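# return atomic coordinates for the entry below.
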Amino acid sequence: MIFPRFVLTGLLFLVALSGALVAFRLGMPMPFMMGSLLTTALAIALFPQGFPERYVFAPRLRTVMLAVIGVAIGAQMTPEIVARAPEMALSLLGVLLFVPIAHGMNYVILRRFAQYPPNDALFSASPGGFVESITLAEEYGADVKRVTIQHFLRVILVILIVPLALSIYLGHPIGVARGNVLALQFVPPVQIALIANVALAGFLLARFLRIPAGMLTGPLFIAALIAGFGGPDLSVPTWFVALAQVVVGTALGVRFQGLTRKQLVQSTWWCLITVIAMLALAAVFANALHRISGLSFESVFISYAPGGLTEMGLIALSLSANSAVVVFHHLLRIIATVLQMTLYLRYRRNRRV
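This is a model prediction of the structure:
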């Protein structure tokens, strides 16, 4: 039975929230995002007939949540962080080296060992730019479904592996499972209004400028400017951050809809190999930059781990690393990935002319 969309969305949210609370009680890393994601994916697998074709979970609610999360992340760009900007120059330059190495490494794996056709391998191998890679794949005649699955699984596997790996490395679970995350905090109405206006202004600005992941990066940019110059408090309550993770995790879990077992197993295997290779490369860069510049290994590792910009920002937020710095690195990773693919395709086209 297929419920009306608004009923299905409400039921799915309750199911995802229940899974998130169970994960929270079990002490899982990133419990609200992981718990909701895994619960939603399980619901999709067990009751595929209950979901309409191409069902998307609450896209407007997700946009609102991401905009406010953008404000929460940007609010961490304190004047002290601004003063330390020169210290990040080396790690930002490292991103420009990391991207082509990771892309080339993935291409070899997918082309030579997985036997993907050249264009499928090229667009599936990119270490970022989910939407842009899929758009280019469609334009150049690659298998769009294969590229979509590959990038979706890349994001999923990174946000599953990174918190777990860091929890083992640090010796305690990371994420909002720590502390009094579920305690209701009083937020003055003036602060709520300010957060809402910054979120809306940032979203509209990013949409006008066509900035990648604009619903997150636009509000992040404006909030970072305000906080970086010592402006008013834009802190978002931790319970709202947890709720946003449930929404984001549910939206990701829904994307498992329509996958066959064979597609899922094959894509997961090769995606796992490429993700482990990229995370190993990220660890090499993080260790080198930690030794050279003294930057925290965990922060640099999260800054290079090739997950989604939104999800990595949430992981950084949960780890108490500076999310604004982490997201800035990931935004550069996405821009560098799209730019190098565009330049390569233009070069290839010119050679054929």
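
# residue nearest the centroid of the protein?
Centroid-nearest residue in the chain: Gly308, 2.2 Å away (criterion: C-alpha atoms, centre = their mean).

# the closest residue to that residue other than its chain neighbours: neighbouring residues, count only.
Nearest non-adjacent residue to Gly308, counting by C-beta to C-beta, 6 or more residues apart in numbering: Val155, 4.3 Å away. (Glycine included, C-beta is placed from N, CA and C.) Per other C-beta atoms under 10 Å, the neighbour tally for Val155 reads 22.

# quick one: what helix or strand has Val155 in it?
Using DSSP states H and E, Val155 sits in helix 144-170.

# quick one: buried residues of the following helix or strand past that helix?
Following helix 144-170 in sequence order, the next helix or strand is helix 189-209 (DSSP H and E). By neighbour count on 16 or more other C-beta atoms under 10 Å, the buried set for helix 189-209 is 191, 194-195, 198-199, 202-203, 205-206.

# also stretch 295-306?
By neighbour count on 16+ other C-beta under 10 Å, the buried set for stretch 295-306 is 295-296, 298-306.

# the closest residue in space to Gly70 that isn't next to it in sequence sits in which helix or strand?
Excluding its sequence neighbours, the residue lying closest to Gly70 (C-beta to C-beta, 6+ apart) is Pro219, at 3.4 Å. Using DSSP H and E, Pro219 maps to helix 214-228.

# show me which of the buried residues of helix 189-209 is closest to Ile44.
Nearest to Ile44 among those: Phe203, at 28.7 Å, using C-beta to C-beta.

# next up, the contacts around that closest one.
Shown in contact with Phe203 (C-beta atoms under 8 Å, 6 or more residues apart in numbering): 63, 67, 214-215, 218-219.

# between these, which has the most around it?
Pro219 leads the contacts of Phe203 on contacts (other C-beta under 10 Å) with 31 neighbours.

# can I assume it is in contact with Val198?
Yes. Using C-beta atoms under 8 Å, Pro219 is in contact with Val198, at 5.9 Å.

# what's the overlap in contacts for the two?
Common contact partners of Pro219 and Val198 (C-beta under 8 Å, 6+ apart): Val71.

# give me the distance from the helix holding Pro219 to the chain's centre.
17 Å (C-alpha atoms, centre = their mean, to the nearest Å).

# export that helix as PDB, just CAs?
The C-alpha coordinates for helix 214-228 follow below in PDB (Å, rounded to 0.1, in the frame of the first residue of the first chain):
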ATOM      1  CA  GLY A 214      24.200  26.700  -1.800                       C
ATOM      2  CA  MET A 215      21.500  25.900   0.800                       C
ATOM      3  CA  LEU A 216      24.400  25.200   3.200                       C
ATOM      4  CA  THR A 217      27.300  27.200   2.000                       C
ATOM      5  CA  GLY A 218      25.400  30.500   1.500                       C
ATOM      6  CA  PRO A 219      24.200  30.800   5.100                       C
ATOM      7  CA  LEU A 220      27.600  29.500   6.200                       C
ATOM      8  CA  PHE A 221      29.400  32.300   4.400                       C
ATOM      9  CA  ILE A 222      27.200  35.100   5.800                       C
ATOM     10  CA  ALA A 223      27.300  33.600   9.300                       C
ATOM     11  CA  ALA A 224      31.100  33.300   9.100                       C
ATOM     12  CA  LEU A 225      31.400  36.900   8.100                       C
ATOM     13  CA  ILE A 226      29.300  38.100  11.000                       C
ATOM     14  CA  ALA A 227      31.000  35.800  13.600                       C
ATOM     15  CA  GLY A 228      34.500  36.400  12.200                       C
END
